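1. Sequence below, structure please.
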Amino acid sequence: MKGQKGFTLIELIIVIAIIAILAAVAIPNYLGFRDRANISAAKESLGSLRTALEVYRADTNYYPTTLDLNNGTPLTPSYMDSTDWTKLLANVVSLSKTSITSTYYEITAVAKDRNSTTLTATPGGITP
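-> This next block holds a predicted model:
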């Protein structure tokens, strides 16, 4: 069978092994990048909520004592655009009010990453 062209079984196995090694390295890195991006998106959205609360307080001298987590009332539409509120809800798994009074707030969100990172927004900032 002289003169036949093609790849031998050994050559094909070596190529498949190289592809498998590259995939084994690339997939965990990709998932890590995706997790960091999801956490960053949740922090950015929570930052928009925090800014809206601070602007509300600057206007009224107190934080809103009630906050509807479904639509953002009383922050939307005057202090936070409704599309920003929709983006906030899309970037987190869950959003909850741990505490909200006229002088303090603590709002907790769970990011959409593999570890379900919990983020907390307070007047002092956002903590992971």
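
2. Are we agreed that Ile107 is in a strand?
-> Yes - counting by DSSP: H, G, I helix; E, B strand; the rest coil, Ile107 is found in a strand.

3. Use 48 as the first number from now on
-> From this message on, residue numbering opens at 48, which makes the last subject Ile154.

4. Burial check on it, number of neighbours?
-> Counted by other C-beta atoms under 10 Å, the residues lying close to Ile154 total 21. Every C-beta, even on glycine, is put in place using the N, C-alpha and C of the backbone.

5. List the contacts of it.
-> Contacts here follow C-beta atoms under 8 Å, 6 or more residues apart in numbering; on that basis Ile154 touches 93, 96, 114, 142-145, 147, 167-168.

6. Now do the same for it: its pLDDT.
-> Looking at Ile154, its pLDDT is 91.

7. Tell me what it is bridged to.
-> The residues listed as beta-bridge partners of Ile154 by DSSP bridges are Lys144, Ala168.

8. picking that back up, would you mind writing the PyMOL command to select the buried ones in the contacts of Ile154?
-> Written as a PyMOL command, the selection of buried residues from the contacts of Ile154, which uses 16 or more other C-beta atoms under 10 Å, is:
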select buried, resi 93+96+114+142+147+168
